[in-house]
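Enquirer: give me coordinates for this.
(chains A, B, C and D)
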There are 2 protein chains.
Amino acid sequence: MSKLPARIRLADAAFALFDERGYEQTTIDDIAERAGLGRTTFFRNYRSKEDVIFPDHDRLLALIRDRLATSSNSTALVAVSDAVRLVLLHYVEEGDLARRRYALTSKVAALRDREIASVARYQRLFREFIADWMGGPTESASLRAELMAAAVVAAHNHVLRRWLRGESSDPVAEVDEAMREVLALFPAPGSSPAPGGGTTVVAFRTGQDIDTLLPSLRRLVEDGAER
Amino acid sequence: MSKLPARIRLADAAFALFDERGYEQTTIDDIAERAGLGRTTFFRNYRSKEDVIFPDHDRLLALIRDRLATSSNSTALVAVSDAVRLVLLHYVEEGDLARRRYALTSKVAALRDREIASVARYQRLFREFIADWMGGPTESASLRAELMAAAVVAAHNHVLRRWLRGESSDPVAEVDEAMREVLALFPAPGSSPAPGGGTTVVAFRTGQDIDTLLPSLRRLVEDGAER
DNA sequence: CCAAGCTATGGCACTGAGTGCCGCAGGTAA
DNA sequence: TTACCTGCGGCACTCAGTGCCATAGCTTGG
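Expert: Residues are numbered from 1 along each chain as shown, chains lettered A, B, ... in the order given. Sure thing, here's the model as predicted:
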C-alpha cells in the first residue's frame, strides 16, 4: 500500500486539505498526518508550504534559459516566442492541477503574491536576454528591452489566465497570435536593413484600400525611408 | 526625551538595525528594544516586519485611483501619465529613505518579492482603468489593455530604478519621455477603426520583396482574415 | 553471510513571526 | 471623584521553518 513516493503523497494530501478547509486553515502537521508521514519529511520534500503548490518554477526557469541560450542573433525573437510557448505548454499539460492552483491563487493573497514574484523572475530573464540582443547598453535600448519583456510576459499571462478560466480552447494558437501582436508593437531592431534588401513593413492603419497605398509602399521600400 | 511618536521611533530603530546587522538578522524584539518600546506596540503600528519598510503603499494606491477617477474619456492617457508621475514623485520626495529601501530590496529576496507584489497591484489598477477606457470587453481590447498597463509600469520602474541608483538627475523629465515612448507604441484608440472598412497592416519583416508578398496581402484584405 | 555505509524517514527542540487577551497608566469629560 | 478612552506592556499561544540526532531498510564490498 501507499507505494507512491512521499513527495506525491504529500502533494495529494495538501491539495485535498486546501480544497476541504482552505489554505490558511491547513497546517503542515495536517498535511503530513494526512499523508501518513512525518513533519520533517514534508520539509525535506518542499522548502515551504507554498512550495507544494509551485513545485517546479526552477525547472521552468531553466527551460526558458536553455531555449533562449540556443539562439543566434537573427533568431532571437523566435527564441522568445518559443520560450513563451514552452511555458504555456507546461501549464496546459498540467491540466487540472494548474486549474486547482489557479483557484487557490485567486483566493489567497499570499499565494497570488508568490506567483507574481515567480513571474517577475521569468520577466527578468527575458529582459536580460532582450537587452543583450539589442546590443548597445544604450539607455534607450535598456528601456525598450524592459518594455518588451513586460509585454511578452503580459501576453503570456493573459492567454494563460484565459485558458485557466476555461475561456480558451486553443491557448497555443492564442499565445502565438498574442506574441505576433506584441512583436508588432516594437519596431524592428538593429539588424533591420535586411541583408540583401528585404522588405520592412511598419504597422499602421489606414482608411484607404490596398491598391491605393501600394505606390506609397513601393516608394518607401525604394527610398529605404522613414515614417 | 523621545517625544517622537512610537511609529517613527520604531521605523528609525528598524532601519538602523537593518543597516547594522541586515534584515534577516534583526528580530522584531530587537527593533522594539532599540526603540524603547514593547513588542506589542510594534505590531500595533505595523502589520508585519516588512511593513516597516513599505509603509504607505495603500496611500499610493489610493493616489493613483483618485487621479485615474478624475478623467474624462478623452483625457484618459493624460490621467495615466499623471498618475505615473505622481508615484514617481512620491518616491523622489522620500529621497534618502527610498534609496535605503532600495538597498534593502536589492539584497533581501523576501523584500524584493514584496515590492514586486505591490507593483503588481498598481499594474492591476492601470489595467482595469485602461480596459474600461478601451470600452468593448473584446478579447483584443483586453489583451491590449494588459500590454499597455504592463508597459506603463515597466517604464515607471525603469526610470525609478535609474533614479534610485543615482543614474538620473531629472527623473520626472525622464519618466515623461518614457511615457511618450510607451504611448507611441500603441496605435491611437477609438478613432482608428476607419469607418467603412479600411486596411489594416500588421508589422512584420520578410526577406521577400514587396511584389512577392502582394498577393498574400491582397488575400488577407479580402478575407478579412487571420494569419 | 556479515559489516559498513547510504538513504529516507521520524522525533524533538528551538527560533521567530504573528495573534489575542488582559491589565495598567495617564489624560479627558461628566 | 467617577467613568471612560487611548496608548502601551506583558504573556501565552499557534505555526512556519531550521537543525540535530536516532533508526529502519536497503545496498555494496569483503
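
Enquirer: just the element for the spatially closest residue to A:Asp113 that is not a sequence neighbour, please.
Expert: Residue nearest to A:Asp113 in three dimensions, not counting chain neighbours: B:Ala117, with 3.9 Å by C-beta to C-beta, 6 or more residues apart in numbering or on different chains. Bear in mind the C-beta positions are built from the backbone N, C-alpha and C, glycine included. Using DSSP states H and E, B:Ala117 sits in helix B:109-134.

Enquirer: between helix A:109-134 and that helix, find me the angle.
Expert: Relative orientation of helix B:109-134 and helix A:109-134, computed by axes from the mean of the first three to the mean of the last three C-alpha atoms, to 10 degrees: 80 degrees.

Enquirer: in whichever helix or strand comes after helix B:109-134, which residues are buried?
Expert: The helix or strand immediately downstream of helix B:109-134 is helix B:139-164, counting by DSSP H and E. Using 16 or more other C-beta atoms under 10 Å in any protein chain shown as the test for burial, helix B:139-164 gives B:141-160, B:162-164.

Enquirer: could you do stretch A:123-132 as well?
Expert: For stretch A:123-132, burial by neighbour count (16+ other C-beta under 10 Å) applies to A:123, A:125-127, A:129-131.

Enquirer: most widely separated two among the residues you listed?
Expert: Greatest spatial distance in those: A:Gln123 and A:Ala131, 12.1 Å, computed using C-beta to C-beta.

Enquirer: export only the CA atoms of the host helix or strand of A:Ala173, formatted as PDB.
Expert: Using DSSP H and E, A:Ala173 sits within helix A:171-185. These are the backbone C-alpha positions of helix A:171-185, laid out as PDB (Å, rounded to 0.1, in the frame of the first residue of the first chain):
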ATOM      1  CA  PRO A 171      -4.300  28.500 -26.000                       C
ATOM      2  CA  VAL A 172      -1.200  27.700 -28.100                       C
ATOM      3  CA  ALA A 173      -2.700  29.400 -31.100                       C
ATOM      4  CA  GLU A 174      -3.800  32.300 -29.000                       C
ATOM      5  CA  VAL A 175      -0.400  32.800 -27.500                       C
ATOM      6  CA  ASP A 176       1.200  32.700 -30.900                       C
ATOM      7  CA  GLU A 177      -1.200  35.300 -32.100                       C
ATOM      8  CA  ALA A 178      -0.700  37.400 -29.000                       C
ATOM      9  CA  MET A 179       3.100  37.200 -29.400                       C
ATOM     10  CA  ARG A 180       2.800  38.400 -33.000                       C
ATOM     11  CA  GLU A 181       0.800  41.300 -31.700                       C
ATOM     12  CA  VAL A 182       3.500  42.100 -29.100                       C
ATOM     13  CA  LEU A 183       6.300  41.900 -31.500                       C
ATOM     14  CA  ALA A 184       4.400  44.100 -33.900                       C
ATOM     15  CA  LEU A 185       4.400  46.800 -31.300                       C
END
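
Enquirer: just checking that helix against chain B, any contact.
Expert: Yes - contact of helix A:171-185 with chain B (C-beta under 8 Å from any C-beta of the partner chain) involves A:177-178, A:180-185.

Enquirer: could you dump those residues to a markdown table with distance to A:Gly22?
Expert: Shown next, in a markdown table, are these (distance: C-beta to C-beta, whole Å):
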| residue | distance to A:Gly22 |
| --- | --- |
| A:Glu177 | 37 |
| A:Ala178 | 33 |
| A:Arg180 | 40 |
| A:Glu181 | 38 |
| A:Val182 | 37 |
| A:Leu183 | 41 |
| A:Ala184 | 43 |
| A:Leu185 | 41 |
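
Enquirer: is DNA strand C contacted by the helix holding B:Ala117?
Expert: No - Helix B:109-134 stays clear of DNA strand C (C-beta under 7 Å from any atom of the strand), getting no nearer than 9.5 Å.

Enquirer: what angle sits between that helix and helix A:139-164?
Expert: 80 degrees.

Enquirer: by contact count, what packs against helix B:109-134?
Expert: helix A:109-134, helix B:57-69, helix B:76-94, helix B:96-107, helix B:139-164 (3 or more C-beta pairs under 8 Å, 6 or more residues apart in numbering or on different chains; DSSP states H and E).
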